[in-house]
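Peer 1: need a structure here:
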Amino acid sequence: MAAQLRGSSEGSTLILTISNPEFRNALGPEMFAAGVEALNAAESSAEVRSVIITGEGGLFSAGGNLQRLQDNRQKSPEHQAQSIEVFHNWIEAIRAFPKPVIAAVEGLAAGAGFSLALACDMIVAARDSVFVMAYSNMALSPDGGGTWNLTRTLPRQLATEVLMCAEPISAERLYTLGVVNRLSEPGQAMSLALALADNLNDRAPNTLTSIKELIGDADGSNLNQQLARERDHFVKNLHHPNAGMGIGAFLNKHKPTFE
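Peer 2: Residues are numbered from 1 along each chain as shown. Prediction:
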């Protein structure tokens with residue numbers, strides 16, 4: 001069966017499933033392009049309020065296809081650079097996507113699969129799942145924003161260990177460190193991710209978009225810049241119809257239905 005990124009829906013949540021069982025859900029350029037296309041379509045769809053990325057068959061992703069990488073050594077460096085650019089387009093699309101994106105991880109998330117999970121806004125993982133940046137085992141360096149994300153979520157020394165030593169790190173340890181948001185029992189990551197998505201889907205989409213944008217801007221901003229952004233987003237959201245519904249519902253003690 002050819003590698004593919006399968007799309008399906010559960011209520012207001014779009015589910016993107018990495019499907020490449022022959023190669024342990026290894027990622028490739030076709031999936032990257034499909035991921036960008038799916039997010040572009042979902043961005044303009046009022047029916048989609050959140051996205052979950054997961055893997056087929058109890059495995060998130062083993063990362064890159066090593067046979068393809070070996071073959072690419074016989075081609076020009078530009079060929080591999082273009083392939084990575086397509087992957088990075090998907091990573092950037094996830095970060096720029098104005099709706100929440102959740103990774104639901106079972107089994108292994110290795111290399112580019114780990115980077116992909118880190119690019120998501122939240123991670124739900126089974127207790128027995130394992131994450132590993134295995135690049136250095138093959139004399140390679142990371143891609144997909146793995147270095148950017150890990151150095152912002154872990155102490156420098158631990159990020160260095162994870163990236164250089166290529167030793168597996170458990171979902172439970174990453175949960176303790178604050179990288180994983182929710183731990184599920186084995187086989188239940190998708191169910192828990194859907195419950196988290198339902199929680200988000202009930203909230204005002206414009207508010208979640210503002211929060212995601214503010215989080216994305218915070219790291220490169222000084223306090224004055226971020227305060228100005230928070231002011232502008234707050235005023236814009238206060239004058240959105242959803243704020244009228246939300247404040248009214250809170251005052252009158254009933255559950256709002258946001259647009």
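Peer 1: next one: phi and psi at Gln4?
Peer 2: Phi and psi for Gln4, reported as degrees, to the nearest 10, are phi -150, psi 160.
Peer 1: if I look at it, how far off is Ala26?
Peer 2: Going from Gln4 to Ala26 by C-beta to C-beta, to the nearest Å gives 12 Å. For glycine as for every other residue, the C-beta is placed from the backbone atoms N, C-alpha and C.
Peer 1: Please enumerate the shared neighbours of these two.
Peer 2: Common neighbours of Gln4 and Ala26, using C-beta atoms under 8 Å, 6 or more residues apart in numbering, are Asn20.
Peer 1: ok, which stretches of the stretch 51-200 of the chain are helices?
Peer 2: Counting by DSSP state H, counting those that start in this stretch, the stretch 51-200 of the chain has helices at residues 66-72, 77-96, 112-119, 146-153, 156-165, 171-176, 189-201.
Peer 1: which one of the ones you listed is the most hemmed in?
Peer 2: Mean neighbours per residue, mean count of other C-beta atoms under 10 Å, is largest over the helices of the stretch 51-200 of the chain for helix 112-119, with a mean of 27.
Peer 1: okay, and for this structure, where does confidence drop off?
Peer 2: Within the chain, the stretches with pLDDT under 70 are 1.
Peer 1: mind giving me the domain split of the protein?
Peer 2: Per automatic domain parsing, the domain ranges recorded for the chain read 4-201, 205-252.
Peer 1: As TSV, those domains with distance to Glu259 would be great.
Peer 2: Rendered in TSV, the data for the domains of the chain read as follows (distance: least, C-beta to C-beta, whole Å):
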stretch	distance to Glu259
domain 4-201	8
domain 205-252	6
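Peer 1: ok, and which of those domains has the densest surroundings?
Peer 2: Compared across the domains of the chain, domain 4-201 shows the largest average neighbour count, a mean of 19 (mean count of other C-beta under 10 Å).
Peer 1: For Ile15, which residues are in contact?
Peer 2: By C-beta under 8 Å, 6+ apart, the contact list for Ile15 reads 7-9, 51-52, 54, 190.
Peer 1: where does it land in three-state SS?
Peer 2: Classification of Ile15 using DSSP: H, G, I helix; E, B strand; the rest coil returns strand.
Peer 1: what about it, distance to Gln70?
Peer 2: Plainly put, Ile15 is 32 Å away from Gln70 if you go by C-beta to C-beta.
Peer 1: what does stretch 188-207 contact?
Peer 2: Stretch 188-207 has contacts (C-beta under 8 Å, 6+ apart) with 10-13, 15, 49-50, 52, 54, 98-100, 102-106, 122, 124-126, 129, 181-182, 184, 208, 236-237, 240, 242-243, 246, 255, 258-259.
Peer 1: Leaving out chain neighbours, which residue sits closest to the spatially most central residue of the chain?
Peer 2: Against the mean C-alpha coordinate of the chain, by C-alpha atoms, centre = their mean, the closest residue is Cys120 at 1.6 Å. Nearest residue to Cys120 in three dimensions, chain neighbours excluded: Ala103, at 4.1 Å (C-beta to C-beta, 6 or more residues apart in numbering).
Peer 1: Next, the contact list for that neighbour, please.
Peer 2: Each residue near Ala103 by C-beta under 8 Å, 6+ apart is listed here: 52-54, 60, 109, 116-117, 120, 122-125, 193.
Peer 1: Give me the distance between it and Phe250.
Peer 2: 31 Å.
Peer 1: Gly7 touches Leu16, doesn't it?
Peer 2: Yes. Assessed by C-beta atoms under 8 Å, Gly7 is found in contact with Leu16 at 5.8 Å.
Peer 1: Residues in contact with both of those two, list them for me.
Peer 2: Each of Ala38 lies in contact with both Gly7 and Leu16 under the rule C-beta under 8 Å, 6+ apart.
Peer 1: how about Asp108, what does it touch?
Peer 2: That one is not Asp; residue 108 is Leu. With C-beta under 8 Å, 6+ apart, Leu108 has these contacts: 24, 59-62, 129-132.
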